[in-house]
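In: Generate a structure from the sequence data that follows.
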Amino acid sequence: MRLRHLWLCLFVIVAACMPNQDFPTRVDPTATADVILVMATLPNTPTLAPEVATQIATSPTPTSLPSTSTPIPTPTPILLPTPDADALNRSVRLPILMYHYVEPWPADAGEIRHGLTVRPEDFAAQMQYLHERGYVTVSLYDLVYALALGQPLPERAVALTFDDGYRSLMDYAVPTLQAYGYTGTVFDTHVIDLTPSVEALWRDARKGHKSAIKAGQKAFTIEHWAGQITDDQFRRYQELHALAAGRVTRSQSTFDTMRDWIRNGQGLLAGARQGERWIGFVYMLMHQRGAFYASACNYPDTSSRLPVGHALLWEAILRCRERGIELLEMGLQTHAPPQAQGAQDKLVTISLFKRGFGGFAMPRYHAHLELAPSSGAGVA
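Out: Numbers count the residues shown, from 1 in each chain. Model prediction:
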């Protein structure tokens, strides 16, 4: 696999089965621009899945995940690595096993449901097969660092992905993963339904988030821009974004595009200031009736003392609702224990922050189709 470039924190995985394999494969004809896969259907008798060639193709520059901004100290934003000079020519070979359901077959399961389901006893046998042959699991973050910086992977590395984040993952897959010291990557996202009343949305938020929102509303002046914004107003966000990250993480052309999205109604920017100093921003992408929480930044050292993110995100939620947005996607989630998902503590904290505003988890790619049904692709 070769690293071409990184775009925000979202990446496209192109997986192709290696030739001369002795088990059936099928191509998902409904794959959107988010993911294009050749999916391997593993037989019930454990058989090592083929090595797959994976390319990560994204936009020119990486960015941080949204800041958590809680009243207590929080982790710094996560940045994907800046590719070194050899990244474009670097390749890595890594087996990736992709799962949907890991659970007993339902009594009324049809052919498609059978094909998407691996029974718990078969999953356990597959993990035992890998363990007995010395395979160790790595995360997709490890893969990104291997491609971008040449960080070495274990000699017998394998990645496990669970595309939909079903509840049965905790019941059947996680115990087996823990037994072998294995980790996996889950692809599910958090969505807030904005169609209920503001009062209902407020009731759905956690008590701690409500207190933080109220405190932030008293401490800051919050403004938002959608439909129009001046170059000077947008430049404040751009400058604080670089200050929070410690470097410029996007090209000027990318920032110009984000500014133009605000002007044409496809973007919304909310900002918080104390006096004349801007201390935080939240950026939303909007498309038809859906929106995506795309970016956030805080003035250094404020997120550990003040609930900047809580107040800003609540303001953005209300402004999106005013503009007719019905579904707001908050981004990838970490639900499984860190030892079962290969997650860093900061990822768990960020996920908890997002879930505190209410809403529900759903498969990431299904969420994208829900947000943009007529285009067939997600707003992200």
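In: C-alpha only now, for contacts and for neighbours.
Out: Fine.
In: Please work out how many residues are found near His224.
Out: 18 (other Cα atoms under 10 Å).
In: For it, which three-state class applies?
Out: strand (DSSP: H, G, I helix; E, B strand; the rest coil).
In: isn't Arg259 right up against Phe234?
Out: Yes - if you go by Cα atoms under 8 Å, Arg259 and Phe234 touch, sitting 6.6 Å apart.
In: Please identify which of these two sits among more neighbours.
Out: Neighbours per residue (other Cα under 10 Å) separate Arg259 from Phe234, with Arg259 holding more: 24 against 17.
In: who's in contact with the more buried one?
Out: 229, 234, 267 (Cα atoms under 8 Å, 6 or more residues apart in numbering).
In: residues in contact with the last one?
Out: What that stands for is Gly267. 226-227, 258-259, 261, 283-286.
In: could you pull out the helices for the stretch 251-380 of the chain?
Out: 252-263, 308-322, 338-341, 345-355, 364-371 (DSSP state H, counting those that start in this stretch).
In: Relative to Phe162, which of those is closest?
Out: Across the helices of the stretch 251-380 of the chain, Phe162 has its closest neighbour in helix 338-341 (9.8 Å, Cα to Cα).
In: Show me the shaky parts of the stretch 101-250 of the chain.
Out: Where the stretch 101-250 of the chain drops to pLDDT under 70, the residues are 164-165.
In: ok, which stretches of it are helices?
Out: 111-116, 120-132, 140-149, 168, 174-180, 198-204, 207-219, 231-245.
In: Format these as JSON lines; extra columns: distance to Val102.
Out: Converted to JSON lines, the helices of the stretch 101-250 of the chain look like this (distance: least, Cα to Cα, whole Å):
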{"stretch": "helix 111-116", "distance to Val102": "9"}
{"stretch": "helix 120-132", "distance to Val102": "6"}
{"stretch": "helix 140-149", "distance to Val102": "20"}
{"stretch": "helix 168", "distance to Val102": "7"}
{"stretch": "helix 174-180", "distance to Val102": "10"}
{"stretch": "helix 198-204", "distance to Val102": "30"}
{"stretch": "helix 207-219", "distance to Val102": "34"}
{"stretch": "helix 231-245", "distance to Val102": "39"}
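In: Those: which one's closest to Leu312?
Out: Ranking the helices of the stretch 101-250 of the chain by proximity to Leu312 (Cα to Cα) places helix 207-219 first, at 8.1 Å.
In: List the buried residues of stretch 228-237.
Out: 229, 234, 236-237 (16 or more other Cα atoms under 10 Å).
In: what's the domain layout of this structure?
Out: 3-189, 190-371 (automatic domain parsing).
In: Among the buried residues of stretch 228-237, find me the one that's closest to Asn89.
Out: Taking those together and measuring to Asn89 by Cα to Cα, the closest member is Tyr237, at 34.4 Å.
In: okay but that closest one is in contact with Phe281, surely?
Out: Yes - using Cα under 8 Å as the test, Tyr237 is close enough to Phe281 to be in contact (6.4 Å).
In: Touching both of those two, which residues are there?
Out: With Cα under 8 Å, 6+ apart, Tyr237 and Phe281 have common neighbours Gly271.
In: before we move on, back to that, dump the helices of the stretch 251-380 of the chain into TSV; add mean pLDDT and distance to Gly246 as well.
Out: Output for these, formatted as TSV (pLDDT from 0 to 100; distance: least, Cα to Cα, whole Å):
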stretch	mean pLDDT	distance to Gly246
helix 252-263	94	16
helix 308-322	93	19
helix 338-341	46	27
helix 345-355	77	18
helix 364-371	50	30
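In: got the ones you listed as TSV, with distance to Ala296 columns?
Out: Formatted as TSV, these follow (distance: least, Cα to Cα, whole Å):
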stretch	distance to Ala296
helix 252-263	13
helix 308-322	8
helix 338-341	24
helix 345-355	12
helix 364-371	20
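In: Nearest to Arg119, out of these?
Out: helix 338-341 (18.5 Å).
In: dump the residue contacts of Thr264.
Out: Heads up, residue 264 is Asn, not Thr. 227-228 are the contacts of Asn264 under Cα under 8 Å, 6+ apart.
In: Could you check how far it is from Met127?
Out: Plainly put, Asn264 is 50 Å away from Met127 if you go by Cα to Cα, to the nearest Å.
In: Same question for Ala85.
Out: 37 Å.
In: more neighbours, these two?
Out: Using other Cα under 10 Å, the more surrounded residue of Ala85 and Met127 is Met127, with 19 against 10.
In: Give me the buried positions along stretch 307-321.
Out: In stretch 307-321, counting by 16+ other Cα under 10 Å, buried: 307-317, 319-321.
In: cool, and stretch 188-197?
Out: 188-194.
In: can you tell me the distance between the two ends of that stretch?
Out: First-to-last distance for stretch 188-197 - Cα to Cα - comes to 26 Å.
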